[in-house]
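Novice: give me coordinates for this.
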Amino acid sequence: MISVQDAFSILENNLPELQEAEYTLAQARKHILAETIFSPINMPPFRQSAMDGYALCLFEGLEYEMMGEIKAGDSHQVELLPGQAVKIFTGAAVPDTTQAVIQIELVSEKDGRLYLEEQVNPETNVRPIGEQISVGELALENGTLLNAAAIGFLAGLGITTVKVFKKPRVGIVVTGNELTKPGEPLEYGKVYESNGIMLESALKEAYFENVSLYEVNDDFDNTKNKLADALSANDVVLVSGGISVGDYDFVARALKELEVETLFYKVNQKPGKPLFAGKVKNKIVFALPGNPAAALTCFYVYVLPTLSILSGKAPNYNQSKPVSIVHDYSVKNTRSQFLKANIVDDEANILSHQASSMLNSFAVSNGLVYVPDGTYELKKGDKVAVYLL
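Specialist: Numbering: from 1, shown residues only. Model (predicted):
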């Protein structure tokens, strides 16, 4: 049995190489750039009006002759002489012979004449060429997460495709004869299956959309065949249950026959002690405990960081942050603990119902308090390590 930190190190040292792909901007959302992008154009590509108003060819007077209008998107060129003005709209091209745009609320117009209350400074309300970015300048660096703003920024530069790190395809293998699908009658001795949809939901909340679900009976051949299918079709395989040493837990034997190399089995933690991690070729396998809270804890602590790294993020398993605890807490455990908690204003409140089978406290928590093993007292105000969910 290894420590949590040793598990982190083993995983980080055994991850496969990242995969890259060329995606359209729409496909690239929430992916990480695998290239550095330089602007192909100036943005804006012309002197642009920052608001609705009047473009002025400045002179000493306050009365201007009106010479028409320019709407956003108009491509015709207008040349004005000193003392002439043109009505202009936000985003429209400011004529080269004008020096400023005065907002519409500060003037009056009558009989083709424009009347100002005071002189306007040059370049007022005019966005210069390349104000946002000039041609050849750095637009986005390799490693940037493409959120909505980044996608819009690239589209505004005329870019249609980008090279990104591919997100792993994830297979979820759910084992157990005791499982019944929600909605069906619940026979004596059975429980409703929740881990599959729980893990799928957690993946999709983190924008991992390519997820496949496999259901397995407690039978060796069926277990081996479904695991082989999952390994063939996915980059990361999550197994729910069946990794223990019971007479009907066939996962470990099946993984061995499929030549999955064991990276570690059993971590000195609670919940989630029987966690298995392995690899075969360029695939990663996690066999998670069957108890729902234990499975979800291992997902957030080990699986999600692995998927993020394989998607292009910098390696970082130990993603905890120091937070003050709002109450006293006694620790008497031979294993490190991940405790469901509510984190509000950088303060942690450890919840009740911490058993590995219970999800009711997990459903209202937003963090896991990490408590090292030992016998000691945590006092109100002490700093604890928290993994935010």
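
Novice: for this structure, which segments count as helices?
Specialist: 4-12, 25-28, 148-156, 195-205, 220-233, 251-257, 292-298, 304-310 (DSSP state H).

Novice: pLDDT score assigned to the nearest residue to Gly241 once chain neighbours are set aside?
Specialist: Nearest residue to Gly241 in three dimensions, chain neighbours excluded: Gly290, at 3.1 Å (CB to CB, 6 or more residues apart in numbering). C-beta: built from backbone N, CA, C; applies to glycine. Looking at Gly290, its pLDDT reads 87.

Novice: so Gly290 sits against Asn195, correct?
Specialist: Yes - assessed by CB atoms under 8 Å, Gly290 is found in contact with Asn195 at 7.2 Å.

Novice: between those two, which has more neighbouring residues?
Specialist: Asn195 (26 against 23; other CB atoms under 10 Å).

Novice: tell me who's in contact with Met36.
Specialist: For residue 36 the amino acid is Thr, not Met. 138, 140-142 (CB atoms under 8 Å, 6 or more residues apart in numbering).

Novice: report how many residues lie close to Thr155.
Specialist: Not Thr; residue 155 is Ala. Ala155 has 12 nearby residues by other CB under 10 Å.

Novice: I'd say it and Leu25 touch.
Specialist: Yes - using CB under 8 Å, Ala155 is in contact with Leu25, at 5.8 Å.

Novice: sorry, back to before: hey, which of the helices of the chain is tucked in deepest?
Specialist: Of all these, helix 292-298 has the most neighbours on average by mean count of other CB atoms under 10 Å, namely a mean of 25.

Novice: show me what it is in contact with.
Specialist: By CB under 8 Å, 6+ apart, the surrounding residues in contact with helix 292-298 are 194-195, 198-199, 202, 240, 271-273, 275, 286, 288-289, 338, 340, 354-359, 361-362, 368.

Novice: buried among those? Need that as a selection in PyMOL.
Specialist: The PyMOL command for the buried members of the contacts of helix 292-298 (criterion: 16 or more other CB atoms under 10 Å) is given here:
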select buried, resi 194+195+198+199+202+240+271+272+273+275+286+288+289+338+340+354+356+358+359+361+362+368
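
Novice: Ser336 pairs with what?
Specialist: Gln269 (DSSP bridges).

Novice: separation between it and Gly272?
Specialist: Distance, Ser336 to Gly272, by CB to CB, to the nearest Å: 10 Å.

Novice: give me the distance from stretch 313-320 to the chain's centre.
Specialist: Chain-centre distance of stretch 313-320: 13 Å, with CA atoms, centre = their mean, to the nearest Å.

Novice: end-to-end on that stretch?
Specialist: Start-to-end span of stretch 313-320 (CA to CA, to the nearest Å) is 16 Å.

Novice: so where is the stretch 51-200 of the chain shaky, pLDDT-wise?
Specialist: 177 (pLDDT under 70).

Novice: please enumerate the strands of it.
Specialist: 53-56, 63-70, 84-88, 100-103, 107-110, 113-116, 126-127, 138-140, 161-165, 170-175, 179-180, 191-192 (DSSP state E, counting those that start in this stretch).

Novice: of all the ones you listed, which lies closest to Ser3?
Specialist: strand 170-175 (26.3 Å; CB to CB).

Novice: which residues sit against that closest one?
Specialist: With contact meaning CB under 8 Å, 6+ apart, strand 170-175 is reached by 193, 195-196, 199-200, 203, 208, 210-218, 223, 226-227, 230-231, 233-242, 250-251, 290, 307.

Novice: at 7 Å instead, please
Specialist: 193, 195-196, 199-200, 203, 208, 210-216, 218, 223, 226-227, 230, 233-234, 236-242, 251 (CB atoms under 7 Å, 6 or more residues apart in numbering).

Novice: by how many degrees do it and helix 195-205 diverge?
Specialist: With axes from the mean of the first three to the mean of the last three CA atoms, to 10 degrees defining the directions, strand 170-175 sits at 170 degrees from helix 195-205.

Novice: okay, buried residues for strand 170-175 please.
Specialist: Quick answer for strand 170-175 (16+ other CB under 10 Å): 170-175.

Novice: repeat that for stretch 126-137.
Specialist: 126-127, 130, 133.

Novice: repeat for stretch 267-280
Specialist: So, applying 16+ other CB under 10 Å, buried residues of stretch 267-280: 267-279.

Novice: from those, which two are the most distant?
Specialist: Pairwise distances among the buried residues of stretch 267-280 were taken by CB to CB; the largest, 25.4 Å, belongs to Lys270 and Lys279.

Novice: verify the stated contact: Val86 with Glu69.
Specialist: Yes - here Val86 reaches Glu69: they are 6.1 Å apart, a contact under CB atoms under 7 Å.

Novice: of the two, which one has the most company?
Specialist: Val86 (24 against 14).

Novice: residue contacts, that one?
Specialist: 54-55, 67-70, 78, 80, 95.

Novice: what is the burial count for the closest residue to Ile2 other than its chain neighbours?
Specialist: Take Ile2 and drop its neighbours on the chain: the residue closest to it by CB to CB, 6+ apart is Phe264, 5.3 Å away. Phe264 has 16 neighbours, counted by other CB under 10 Å.

Novice: could you report the pLDDT at Phe264?
Specialist: pLDDT, read off for Phe264, is 97.

Novice: how close does it get to Arg253?
Specialist: For Phe264, the distance to Arg253 - CB to CB - is 18 Å.

Novice: Leu258: which of the buried residues of strand 170-175 is nearest?
Specialist: Val173 (11.8 Å).

Novice: beta partners for the closest one?
Specialist: According to DSSP bridges, beta-bridge pairing links Val173 with Tyr214, Val239.

Novice: could you chop this structure up by domain?
Specialist: 4-18+167-310, 20-42+131-165, 48-126, 321-388 (automatic domain parsing).

Novice: ok, for Asn147, nearest residue in space, not its chain neighbours?
Specialist: Lys30 (7.2 Å).
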